[in-house]
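>>> give me a model of this one.
(2 chains)
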Amino acid sequence: MQSKEQYLNLYRECRTLIGQHSAPVMNVLRDEAHDELLRMGFPTRQAEDYKYTDVEALMAPDYGLNISRLDIPVNPYDVFKCDVPNMSTSLYFVVNDRFYTKALPKVALPEGVILGSLKEMAEQYPDLVAKYYGRLADVRTDAITALNTMLAQDGLLLYVPKGVMVEKPIQLVNILRADVNFMVNRRVLIIIEDMAQARMLVCDHASDDIDFLATQVVEVVVGRGASFELYELEETTARTHRLSNLYVSQEADSNVHINGITLMGGTTRNTSRVTLAGRGAHIDLCGMAIADGHQHVDNHTAIDHAVSDCTSHELYKYVLDDEATGAFAGKVLVREGAQHTDSQQTNRNLCLTRQARMYTQPQLEIYADDVKCSHGATVGQLNEDALFYMQQRGISLGEARQLLMRAFVGEVIDGIRLEALRDRLHHLVEKRFRGELGKCGDCAVCK
Amino acid sequence: MEQPQDKNLNNARTDNEYVRSLTEEKYKYGFTTDVDTEVIPVGLSEEVVRLISAKKGEPEWLLDFRLRAYRYWLTLDMPQWAHLRIPEIDYQAISYYADPTKKKEGPKSLDEIDPEVMKTFDKLGIPLEERLALSGGMAVDAVMDSVSVKTTFKETLLEKGIIFCSISEAVREYPDLVKQYLGSVVNYRDNYFAALNSAVFSDGSFVYIPKGTRCPMELSTYFRINAANTGQFERTLIVADDDSYVSYLEGCTAPMRDENQLHAAIVEIVVMDRAEVKYSTVQNWYPGDAEGKGGVYNFVTKRGHCRGVDSKLSWTQVETGSAITWKYPSCILSGDNSQGEFYSVAVTNNYQQADTGTKMIHLGRNTKSTIISKGISAGRSENSYRGLVKVGEKADGARNYSQCDSLLLGSHCGAHTFPYMDIKNETAVVEHEATTSKISEDQLFYCNQRGIKTEDAIGLIVNGYAKEVINKLPMEFAVEAQKLLSVSLEGSVG
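Okay, here's the model as predicted:
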């Protein structure tokens, strides 16, 4: 039996129940998503886009789902205390896929800004959500998106109206919490209207040592001249599998910065699809991964330069230890007529052991002549000479290695535009390399 | 200081005059030869495979090999992964064997060549008479359609123990060698076209360089398609035994025809301890006309196996012809310290499509590979680089450097790169770089300022861009390749 069957059956049996606990706007798309998933099935490693991550196998085990939306008791402050020092944020929680309303920040967001449960907001503002929901995330082209669209009941909506600037960064903490092996389908819709600005930090945590499978579909619509920054930090457990599909569409002169950082996890697959639809749009798409044990990190990016005068900048770095596997695929498509495109892509990787595997696959597809496009990819080790130099000066080999590795990933962290977060991440990365991340002493997991 | 500059300018001018005269002729190798050719009926079946084998008087084991390949081919579907739009090919509408050496009235001795065929090769500038060839110092195996017409300097080479002959002859004269190596690098199960070729292959060259021998002259094969509605399926096998060296050149042309012709070849190279093989190709099959009508489909599997320690294999290719090119000359580096190189210039113009690149498979310790690929696309063409660098678990200290540059001339063409890197060893150092750009306004302006016309300037810049690869070609080829580059791009800029 193929893995898709169990989910398709579940949907057929519980269609009404799923719909009852969600919003009509979200229910509209479920049947089509079901049909598409039935048609496509989950990708195996035969599929070019999923060559290095076997989704079919990940989907095979039996996971629990909270379809009837039972309350799961949790105190998010217990689970998560690792805030960012010196950074004042508007802090929100999503427990599994559900927006947590019992711990909202005291200071309200600027007027007109909507942030809340996707389900509730879709009921309150059906027109707004219907206009954008499922528009970028095409159920016909990706089985994970189809699955998520079929089953997702809640998540988060962020709406920043025209010209509004959200000064304070919005911090969102996703907590995975369950007693049995558990599947979560989270849906996020972010709408930044013309000339608006927002910054968002998303942290993924898992509070229980059981098997989690979290799918996530994030749709980001960025209007003319708008600016949006998204930092994603994954710090879960070796038994957590994350399948995240991020869709971004950018209008003219918009500026988007996305940084996906994987510090801990089991299987991570991040797909980012960016469409630069208006002239003068700019995207920074960055990411890094530090992986050990049997961790698997796969970043799949596709940037579509649909019109002229857009710029894109991609930087991905991996440090792979033990038997970790890393994969990176970066596709840049420059369509006919997209002249004056400037696109740079860099992927650099460190393999620290013999068993660590790295697969990298940068791709350029170019149909316009007046463009500047480049990509570079390297796989290698720490520089022997640099290590020797430092040892000569009394720095132990271990310490020297640490320094070099931190400097290596430092380039990605330095791209972060929030200073406090940058400092925090340097600190977290240092801890991660020392193997101390799992016992930070601040949160419930480590106590 | 002024003197050399002037000289360069003059050179540029004469070069371009030459180019212009060539362009007026368009594809100058597009003529056909009127020669009696024995063509077997169109279609592909087990009978046809048996017929080809029988015509060549092959031993039982080779017929078995062909039949196994044919039966396997029947189970396969045409691969779709390449970035190419390939119109459906009707394999039953092609004739798989055409022999221009057979006169209908009766058999003739092999040494006697039809004067028409002789003239054809003369016209192509390929010397079939040894006294002419002396000036070039090059031994040639000339293949027309499915048959090797003549191999020059065979005896001279044999004195040194070097075997250079057509593969059909090798099957007769040196069956053990052929049996040992045929299909050992490219298995008939390798891919769709490898299976097809293994089933119906006709002529090609066989080269064996014995231990400790340095081949005294360049070996070369010239492939010519002449007969209509035929496909060419040549097979080349090169074995370089311990401590030997050979430089091998390959050239090819075809007449201008409105229908497409299929060319599916296999080249296998075996490199033993401390041996070195240099394989150069100037591919100039008929590319189709300006509307994309006609042209050769060039679907080739080329692979070398560096079996021995310290062995070295170097591929150099200049790809200017063919309507569709599908070609990935590869190196399997299993000997310790072995080296693989791939230098490529691929030019596409009008409606040409090319999906070409290489595979470097590092299996031995301290293996090294270098990939330099330069793509130039113009008109409405599509040009892709596709490459794989694979480092196996035991390949300690493997090192790869890849550089893929694309140059776009015109706003309707496409340039793509699809590199794959699979690294399974932590001591490997792999680097890949790619850039895509057009000729910069500054460079053009600089040339214009100095009185060089835009068109000439583009010629200069393109040649400079491809120089890194062209320099790797043997001298005579390099000159030819440089001119080819300009011709292929003529009329595509400005």
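>>> residue numbers of chain B in contact with chain A?
B:81, B:83, B:393, B:406, B:408-438 (CB under 8 Å from any CB of the partner chain). C-betas here are computed from N, CA, C, even on glycine.
>>> now, of those residues, which are buried?
Buried members of those, counted by 16 or more other CB atoms under 10 Å in any protein chain shown: B:83, B:406, B:408-410, B:413-438.
>>> in helices only, show me these.
Using DSSP state H, no member of these sits in helices.
>>> just give me the neighbour total for residue 88.
This is for chain A. Neighbourhood size, A:S88 [other CB atoms under 10 Å in any protein chain shown]: 14.
>>> wrong one, I was asking about chain B
Neighbour tally, B:E88, other CB under 10 Å: 6.
>>> also the one 3 residues further on?
The burial metric for B:Y91, expressed as a neighbour count using other CB under 10 Å, is 16.
>>> let me know whether it touches B:L44 as I believe.
Yes: counting by CB atoms under 8 Å, B:Y91 does reach B:L44; the two are 5.1 Å apart.
>>> now the helices: where do they sit in the chain?
No chain in the question, so chain A it is. Using DSSP H, helices in chain A cover A:4-20, A:24-27, A:30-40, A:55-59, A:76-79, A:118-124, A:126-132, A:143-151, A:384-392, A:397-413, A:419-433.
>>> hm, I was asking about chain B
Going by DSSP H, chain B shows helices at B:2-24, B:46-55, B:60-74, B:115-123, B:130-136, B:154-159, B:167-173, B:175-181, B:192-200, B:441-449, B:454-470, B:475-489.
>>> out of the ones you listed, which is the most enclosed?
helix B:192-200 (a mean of 25; mean count of other CB atoms under 10 Å in any protein chain shown).
>>> now it - C-alpha only, CSV.
Listed next in CSV are the C-alpha coordinates belonging to helix B:192-200 (Å, rounded to 0.1, in the frame of the first residue of the first chain):
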residue,chain,number,x,y,z
TYR,B,192,18.5,3.9,-24.2
PHE,B,193,20.9,4.9,-26.9
ALA,B,194,23.7,2.7,-25.6
ALA,B,195,21.4,-0.3,-26.0
LEU,B,196,20.3,0.8,-29.5
ASN,B,197,23.9,1.3,-30.5
SER,B,198,25.0,-2.0,-29.1
ALA,B,199,22.3,-3.7,-31.1
VAL,B,200,23.0,-2.1,-34.5
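>>> quick one, what contacts A:N255?
By CB atoms under 8 Å, 6 or more residues apart in numbering or on different chains, A:N255 lies in contact with A:A226, A:S227, A:F228, A:A281, A:H282.
>>> what about the residue lying closest to the fourth one once chain neighbours are set aside, distance to A:A277?
Read that as A:A281. Distance criterion CB to CB, 6 or more residues apart in numbering or on different chains; nearest residue to A:A281, sequence neighbours excluded, is A:Q250 at 4.2 Å. Distance of A:Q250 to A:A277, computed by CB to CB, to the nearest Å: 6 Å.
>>> wait, A:I290 touches A:F433, no?
Yes: using CB under 8 Å, A:I290 makes contact with A:F433 at a distance of 7.0 Å.
>>> looking at those two, which is more packed in?
Applying other CB under 10 Å to A:I290 and A:F433 shows that A:I290 carries more neighbours, namely 24 against 20.
>>> who's in contact with that one?
Contacts for A:I290 (CB under 8 Å, 6+ apart) come out as A:T262, A:L263, A:Y318, A:V319, A:D321, A:V409, A:V429, A:R432, A:F433.
>>> let's have these in a markdown table, adding distance to B:A170 and pLDDT.
A markdown table is the format used below for the contacts of A:I290 (distance: CB to CB, whole Å; pLDDT from 0 to 100):
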| residue | distance to B:A170 | pLDDT |
| --- | --- | --- |
| A:T262 | 56 | 92 |
| A:L263 | 61 | 89 |
| A:Y318 | 49 | 93 |
| A:V319 | 53 | 92 |
| A:D321 | 52 | 89 |
| A:V409 | 57 | 90 |
| A:V429 | 62 | 87 |
| A:R432 | 61 | 84 |
| A:F433 | 60 | 84 |
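>>> closest one of those to chain B?
Ranked by distance to chain B (CB to the nearest CB), those are led by A:D321 at 9.7 Å.
>>> the nearest residue to that closest one once chain neighbours are set aside and A:M405, how far apart?
Nearest non-adjacent residue to A:D321, counting by CB to CB, 6+ apart: A:D292, 3.9 Å away. From A:D292 across to A:M405, the span is 12 Å (CB to CB).
>>> please apply the same query to B:S148.
B:S148 is 59 Å from A:M405, by CB to CB.
>>> neighbour count: these two, which is higher?
B:S148 (24 against 20).
>>> ok, the nearest residue to that one once chain neighbours are set aside - contacts?
The shortest distance from B:S148 to any non-neighbouring residue, by CB to CB, 6+ apart, is to B:S166 (3.2 Å). Contact analysis of B:S166 by CB under 8 Å, 6+ apart lists B:D141, B:V143, B:V147, B:S148, B:T151, B:D203, B:G204, B:S205, B:F206.
>>> what is the fifth one paired to in the beta sheet?
What it means is B:T151. B:D141 (DSSP bridges).
>>> rewinding a little: between the helices of chain B, which one is nearest to A:T141?
helix B:192-200 (27.1 Å; CB to CB).
>>> ok so, going back, can you redo the contacts of B:S166 as a markdown table with pLDDT?
Shown next, in a markdown table, are the contacts of B:S166 (pLDDT from 0 to 100):
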| residue | pLDDT |
| --- | --- |
| B:D141 | 83 |
| B:V143 | 83 |
| B:V147 | 79 |
| B:S148 | 79 |
| B:T151 | 79 |
| B:D203 | 84 |
| B:G204 | 85 |
| B:S205 | 89 |
| B:F206 | 93 |
